[in-house]
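J.: With the input below, show me the fold.
(one chain, ligands or ions: 1)
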Amino acid sequence: MASKIFVRPISIAFNAFRNYSSSSKLVDVSINDKTGIATVTMQRPPVNSLNYELLIELNGAFQDLGSKKIKGAILTSSLKTIFSAGLDILEMYKPKPERANAFWTSLQDTWITIFNTPYPTVAAINGHSPAGGCLLSLACEYRVMVNNYTIGLNETKLGIVAPFWFVASMKNTISNRESELALTSGRLYKTDEAFKVGLVDETAENKEDALAKAEKFFSRFDAVNPIARFLTKQELRGKIVKVGRKTFIYKIFRKFQICMMTRI
Ligand SMILES: CCCCCCCCCCCCC/C=C/C(=O)SCCNC(=O)CCNC(=O)[C@H](O)C(C)(C)COP(=O)(O)OP(=O)(O)OC[C@H]1O[C@@H](n2cnc3c(N)ncnc32)[C@H](O)[C@@H]1OP(=O)(O)O
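T.: The predicted structure follows:
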């Protein structure tokens, strides 16, 4: 039996941008009472493009799950053929500086939250997952992807530069060499190709199969102390988050991105 939990309303999560708040539910969160597994489902048709509101809801959902006793969380999509199309291009087209700032902050915060959860995470990638969609899946600990879709950081093909924390997330998952080849060419991998290089950990026939495989991943930790597990995760991922969040370069880079966005 699955119980629903409410995602924090956008207006409360980010009062400074009340004008942009939305009451629509872009993220569904359910927790299976029997298994203790949470499923976080993005539901922003047509392509789950990541706008400010969706990011705020996603961040809130993963943060709230930190206060629940869950076994793990699965990130997936309600759409038939798309996991997420990445950043909402409309957010990058002539935005107001405040909106651009809020958008980038929400993107970075969401990445940090998912990358750093105390509980295990799996992306059940049930559709195409370019750019920011790929980033979301890389923030999870494990990826199961349905056959015959595409995934990757294709920014160079769009004439844009993937921020260094996108790159760091890729390098945290596949080799430096493969990351270089993939990022410089803006490669989108098909599911089987992504599996071969380790960008995804398992392939699946369909969404149900992906969810079942995702659930199975959590059983690896049945005999593991959750605090020891989390501290180990932090040991492995902490440096990347620190670089992503605090450095001077990060601040400069963000200013640069916002500057680019507001000038286009
Ligand atoms: C991108 C230029 C911005 C320049 C600004 C530069 C500033 C610096 C910023 C630096 C940013 C760095 C990091 C960037 C990360 C990103 O995530 S960028 C976004 C990258 N995303 C993509 O490349 C995906 C593009 N979309 C697709 O490949 C396909 O749409 C799909 C996801 C595979 C789905 O295909 P299909 O099922 O055939 O549907 P479509 O008909 O193509 O699309 C349906 C409608 O959805 C709209 N749409 C698609 N993607 C997006 C998106 N990312 N944002 C907003 N809207 C999107 C598409 O236009 C269709 O709309 P309608 O025509 O109105 O139906």
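J.: interface residues of the stretch 1-150 of the chain facing the ligand?
T.: Listed as neighbours of the ligand in the stretch 1-150 of the chain under the rule Cβ under 6 Å from any ligand atom: 46-47, 49, 81-82, 85-90, 92, 128, 130-132. No exception for glycine: its C-beta is placed from N, CA and C like everyone else's.
J.: Please repeat the previous calculation with a cut-off of 8 Å.
T.: 46-47, 49-51, 81-82, 84-93, 128, 130-133, 135, 150 (Cβ under 8 Å from any ligand atom).
J.: Span of stretch 198-205 from start to end?
T.: 18 Å (Cα to Cα, to the nearest Å).
J.: I'd like the distance from it to the chain centre, please.
T.: 16 Å (Cα atoms, centre = their mean, to the nearest Å).
J.: got the contact list for it?
T.: 124-125, 137, 142-147, 151-152, 173-175, 178, 189, 191-192, 194-195, 210, 213, 217 (Cβ atoms under 8 Å, 6 or more residues apart in numbering).
J.: Among the residues of the stretch 1-150 of the chain next to the ligand, name the ones in strands.
T.: Cross-referencing these against strands under DSSP state E gives 130, 150.
J.: Now, of the residues of the stretch 1-150 of the chain next to the ligand, which are buried?
T.: Buried subset of these (neighbour count, 16 or more other Cβ atoms under 10 Å): 47, 49-51, 82, 84-88, 91-92, 128, 130-133, 135, 150.
J.: how about the helices in the chain?
T.: Assigned by DSSP state H, the chain shows helices spanning 10-13, 52-65, 97-115, 132-139, 164-171, 176-185, 191-197, 207-218, 226-246, 248-263.
J.: what's the most buried one of those helices?
T.: helix 132-139 (a mean of 27; mean count of other Cβ atoms under 10 Å).
J.: In CSV, list the C-alpha atoms belonging to that one.
T.: Provided in CSV are the C-alpha atoms of helix 132-139 (Å, rounded to 0.1, in the frame of the first residue of the first chain):
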residue,chain,number,x,y,z
GLY,A,132,20.3,18.0,-17.6
GLY,A,133,18.2,14.8,-17.6
CYS,A,134,21.5,12.9,-17.7
LEU,A,135,22.8,15.1,-14.9
LEU,A,136,19.8,14.1,-12.7
SER,A,137,20.5,10.4,-13.2
LEU,A,138,24.2,10.9,-12.5
ALA,A,139,23.3,12.4,-9.2
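J.: what's that helix packed up against?
T.: Helix 132-139 sits against helix 97-115, strand 121-125, strand 150-152, helix 164-171, with contacts defined as 3 or more Cβ pairs under 8 Å, 6 or more residues apart in numbering; DSSP states H and E.
J.: Okay, now the unreliable bits of the chain?
T.: Along the chain, the parts satisfying pLDDT under 70 run over 1-24, 244-264.
J.: gap between the residue of it found nearest the ligand and Gly159?
T.: Taking Cβ to the nearest ligand atom, the ligand has its nearest neighbour within the chain at Gly86, 2.5 Å off. Gly86 sits 14 Å away from Gly159, taking Cβ to Cβ, to the nearest Å as the criterion.
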